[in-house]
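Trainee: Coordinates for the following, if possible.
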Amino acid sequence: MPKKYQLKRTSKVPSKEKVVDESKFLINYRNELNPSQYDAVCATEGNYLVIAGAGSGKTRTLVYRVARLVELGNDPSSILLLTFTRKAAKEMMDRAAILLDNRCSKINGGTFHSFANLTLRKYAKAVNLDNGFTILDQSDSEDVINLIRGHMNLSQLKKRFPNKQTIFKVLSLSVNTGRSTEEIFEEEFPHFAQYIDKISAIQKLYSTYKKQNNLLDYDDLLIYLRDFLFELKPAAKSLLNSIKYTMVDEYQDTNKLQSDVIKGLSQINQNIMVVGDDSQSIYSFRGANFKNIMDFPKLFNDVKIITLEENYRSTQEILDFSNHIIDYAIEKYPKHLFTRKSGGELPGIISASNENLQSRFIVEKVLELREEGIPLNDISVLFRSSFHSFDLEIELNKANIPYLKFGGMKFIETAHVKDILAFLRIAQNPTDYVSWYRLLLLHEGIGPKKAQQIMDEISLGKLSIKTNPEKGIDKKYNDRIFKLFSLLHEIHSKNNLPADKAELSYNYYEPIFMEKYDDWNKRKKDLDIFINISQNYKSLDSFLADMALEPPQDSVIDVDATDKEREFLTLSTIHSAKGLEWHSVFVIHAVDGFFPSSQSIEKIENLEEERRLMYVASTRAKQNLFVCYPMHIFDRHNGFTFAKPSRFISSVSEELADQWLLE
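Mentor: Numbering: from 1, shown residues only. All right, here's what the predicted structure looks like:
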């Protein structure tokens, strides 16, 4: 029997995009956006890579795209926006709501980890989890590893064994990059390679410990989410069917695990738009993978690339300088930043005879700019490594110029906040032994050995905060332990608000706190902030999840002194400055061996990242850019040695920068 064939006309391929009557929209998108931004905002069906050059209105583009998708009649809850900070997601949703209406604030917006947390709690049964799991932040994870490490008789080794921070860093890097722990130790910590077997044992015990005690660390959130998505059981299909459009911000900063999650999200509705700039990929030390953005067109089907090149931040002179730096990159998406702004001056490359002259020049120039009406808040000094600014800090203090250096202690990492958090975490998860250990050691007369005995009794069920301590606490325990269990029983069993639980914990902790810290009067402000934040929550689960995933950034111990000044100069590593901008920017210590750092010169991919770091630094400036370097560097072994300017600026011509010599 002859086969039947259906003939199709091939001259016209139907477009995925529907013809839309924009006259019905509340917003005139074509008028509000430049042509490239408009293309990105109108791109709906299919997979898109938006290469957003520095200062090219990336956030504006995402905000308008959210608004347009809602105007097209899409259910806001079917739009997922993944960012690296909750602040970024909230800002975009708020801006979209102001632009259009409140529907835009109902989209699914948040960080990878907060999205994972909500998803895993909602679909806990499908993932074989108890939805009351506790999230470990980095320092908690390190403490768990330290507990395990402490049981391994390491003193017998008679050689230094890696500390808890190093072990955790390697385990986390392994998960996020897909590299084995052996490979990471051999490459980055070869002096510890002999301990691979012991570290593998710690890794297994760490994993078992978390499972037994209903704990998840940051990496687990993404691992469980990835596996849930790819297993494609009915629950995962239900989730994926509900997400029609996925947008990812700062895609160049994603790691292997996050890339897998995005791939998992695209299995049913293949409408993924990632936005990022390959030239600003600078976080490999955190596990970010430059290849994610470069290989996106290979990993997803029929990817269309849209490039945003019009810059709204810097003068053309600064952009020409920045374009020149990145032109020499080996692997990149071609782009050429331009602006319609006029009236700029050439950047300056300033060579000073020594480091102190470099510092004195910056002090003079900062004072000069301030006299010209540029507030200190709009000036920054950027550097490759934190120690590069030490000499400058001395000169700034002499000149009475207030400054804030970024990279201080984070609010959630302060010991006193960790202490009060431990009460609430035990109330939520009575088998959180890291928090138990922390609380028990706060009490006079309890050392590590006694704390371990009490924890053993908790694990065997002989002691519990679920029962009234009047019945359960033996006379062998002192009054302090009785009072601790009484408090924990009360905050665990009472169905009151997180703020009430926090207040009870604070009242108990206050005398211990005042005894423990000499500067308790400064630290007390952090605890006040903690109590204030708790008042915004109705559920202890959501409060603790946010404190682990999205904590406030700065401790008042660090910022209190500078807050009294109405303005301050910013000193910052370039890594901390990404995404920010200032009227005038100084980049210091642009010397080969310092920037690029000597460690990066051995590997081409590390050297390329250093080039991108210089590009990020130079594109922070709106009006003035000064790149400085000392010609002589003091070395402890060799005294003063001659320094070469950074290879990234050595080829810059006089047409692109003014060359200044300070002697």
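Trainee: from here on, contacts and neighbour counts on C-alpha atoms
Mentor: Will do.
Trainee: For the stretch 201-350 of the chain, just list every one of the strands.
Mentor: 215-217, 245-248, 272-276, 304-308, 348-352 (DSSP state E, counting those that start in this stretch).
Trainee: next one: the fourth one to chain centre, how far?
Mentor: Put simply, strand 304-308 sits 25 Å off its chain's centre (Cα atoms, centre = their mean, to the nearest Å).
Trainee: For that strand, which helices and strands make contact with it?
Mentor: Under the contact criterion of 3 or more Cα pairs under 8 Å, 6 or more residues apart in numbering; DSSP states H and E, strand 304-308 touches helix 35-42, strand 48-52.
Trainee: winner for burial among the ones you listed?
Mentor: With neighbours taken as mean count of other Cα atoms under 10 Å, those reach their highest mean count in strand 48-52, at a mean of 25.
Trainee: Other residues contacting that one?
Mentor: With contacts defined as Cα atoms under 8 Å, 6 or more residues apart in numbering, strand 48-52 is touched by 40, 58, 271-278, 296-297, 303-309, 333.
Trainee: if we can go back for a sec, present the helices and strands packed on strand 304-308 as TSV; the columns should include distance to Lys365.
Mentor: Converted to TSV, the helices and strands packed on strand 304-308 look like this (distance: least, Cα to Cα, whole Å):
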stretch	distance to Lys365
helix 35-42	37
strand 48-52	32
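Trainee: from memory Ser56 sits against Asn311, does it?
Mentor: Yes. Assessed by Cα atoms under 8 Å, Ser56 is found in contact with Asn311 at 4.4 Å.
Trainee: my guess is Ser266 meets Ile272, correct?
Mentor: Yes. The criterion here is Cα under 8 Å, and Ser266 meets it with Ile272 at 6.7 Å.
Trainee: Settle it for me: which of those two has more neighbours?
Mentor: Higher neighbour count among Ser266 and Ile272: Ile272, with 24 against 20, using other Cα atoms under 10 Å.
Trainee: Name whatever forms a beta bridge with the more buried one.
Mentor: Thr246 (DSSP bridges).
Trainee: can you pull the contacts of it?
Mentor: Residues in contact with Ile272 (Cα under 8 Å, 6+ apart) are 46-48, 245-248, 266.
Trainee: Could you do Asp143 as well?
Mentor: 164, 434.
Trainee: What separation is there between the closest residue in space to Ile454 that isn't next to it in sequence and Ile633?
Mentor: Excluding the flanking residues, the one nearest Ile454 by Cα to Cα, 6 or more residues apart in numbering is Leu463, at 7.9 Å. In this view, Leu463 and Ile633 are 62 Å apart by Cα to Cα, to the nearest Å.
Trainee: Could you do Asp432 as well?
Mentor: 50 Å.
Trainee: Comparing the two, which residue is more hemmed in?
Mentor: Between Asp432 and Ile633, counted using other Cα under 10 Å, Asp432 has the larger neighbour count: 22 against 19.
Trainee: Now do that one, the pLDDT please.
Mentor: Asp432 is assigned 88 on the pLDDT scale.
Trainee: Ramachandran angles for it?
Mentor: In terms of degrees, to the nearest 10, the main-chain angles of Asp432 are phi -80, psi 90.
Trainee: was I right about Phe383 contacting Ile574?
Mentor: Yes. Phe383 lies in contact with Ile574 (Cα under 8 Å); the separation is 5.8 Å.
Trainee: what about stretch 252-261, how long is it end to end?
Mentor: Terminal-residue distance, stretch 252-261 (Cα to Cα): 15 Å.
Trainee: By neighbour count, which bits of it are buried? Give me those.
Mentor: The neighbour-count check on stretch 252-261 (16 or more other Cα atoms under 10 Å) flags 252-261 as buried.
Trainee: List just the nearest of the residues you listed to Arg30.
Mentor: Nearest to Arg30 among the buried residues of stretch 252-261 is Gln252, at 27.7 Å by Cα to Cα.
Trainee: quick one: contacts for that closest one?
Mentor: Gln252 touches 276-278, 280-281, 288-290, 292-293, counting by Cα under 8 Å, 6+ apart.
Trainee: In helices, which of those fall?
Mentor: Cross-referencing the contacts of Gln252 against helices under DSSP state H gives 290, 292-293.
Trainee: quick check, distance from stretch 499-510 to the centre of its chain.
Mentor: The chain centre lies 30 Å from the centre of stretch 499-510; the measure is Cα atoms, centre = their mean.
Trainee: what's that stretch in contact with?
Mentor: Contacts to stretch 499-510, defined as Cα under 8 Å, 6+ apart, come from residues 420, 423-424, 487, 491, 531-532, 534-535, 537.
Trainee: what about it, average pLDDT?
Mentor: In this model, stretch 499-510 has an average pLDDT of 91.
Trainee: same thing with stretch 75-88?
Mentor: Here the average pLDDT along stretch 75-88 is 89.
Trainee: What residues of it count as buried?
Mentor: 75-86, 88.
Trainee: same deal with stretch 534-546?
Mentor: 534, 540-541, 543-546.
Trainee: swap in stretch 237-256?
Mentor: By 16+ other Cα under 10 Å, the buried positions in stretch 237-256 come out as 237, 239-240, 242-256.
Trainee: And stretch 498-507, by the same measure?
Mentor: For stretch 498-507, by 16+ other Cα under 10 Å, it's 498-506.
Trainee: related to what we said a few turns ago, may I see the buried residues of stretch 534-546 organised as a markdown table, with pLDDT, secondary structure and distance to Thr467 added?
Mentor: Below are the buried residues of stretch 534-546 laid out as a markdown table (pLDDT from 0 to 100; DSSP: H, G, I helix; E, B strand; the rest coil; distance: Cα to Cα, whole Å):
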| residue | pLDDT | secondary structure | distance to Thr467 |
| --- | --- | --- | --- |
| Ser534 | 83 | helix | 26 |
| Leu540 | 89 | helix | 20 |
| Asp541 | 86 | helix | 21 |
| Phe543 | 85 | helix | 24 |
| Leu544 | 87 | helix | 23 |
| Ala545 | 83 | helix | 26 |
| Asp546 | 78 | helix | 28 |
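Trainee: Quick check: of those residues, which lies closest to Ser650?
Mentor: For the buried residues of stretch 534-546, the nearest to Ser650 is Asp546 (46.4 Å; Cα to Cα).
Trainee: Nearest residue to that closest one in space, please, no chain neighbours.
Mentor: Per Cα to Cα, 6+ apart, closest to Asp546 is Ser114, 7.9 Å.
Trainee: would you say that neighbour is within a strand?
Mentor: No. Ser114 is assigned helix when assessed by DSSP: H, G, I helix; E, B strand; the rest coil, not a strand.
Trainee: burial measure for it, as a count.
Mentor: If we define neighbours as other Cα under 10 Å, then Ser114 has 24 of them.
Trainee: I'd guessed it sits against Leu549; true?
Mentor: Yes. Counting by Cα under 8 Å, Ser114 touches Leu549, with 6.6 Å between them.
Trainee: hmm, back to that, can you name the two of the buried residues of stretch 498-507 that are farthest apart?
Mentor: Maximum distance among those (Cα to Cα): 12.0 Å, for Pro498 and Tyr506.
Trainee: just for the stretch 351-500 of the chain, where's the confidence low?
Mentor: 407-411, 471-478 (pLDDT under 70).
Trainee: Going along the chain, name the strands of it.
Mentor: 379-383, 403-405.
Trainee: of all those strands, which lies closest to Thr177?
Mentor: Proximity to Thr177 (Cα to Cα) singles out strand 379-383 among those, at 26.9 Å.
Trainee: Partner strands of that closest one and their direction?
Mentor: Using DSSP bridges, the strands paired with strand 379-383 are strand 569-573 (parallel), strand 582-587 (parallel).
Trainee: which stretch in the ones you listed has the least confidence?
Mentor: strand 569-573 (a mean of 91).
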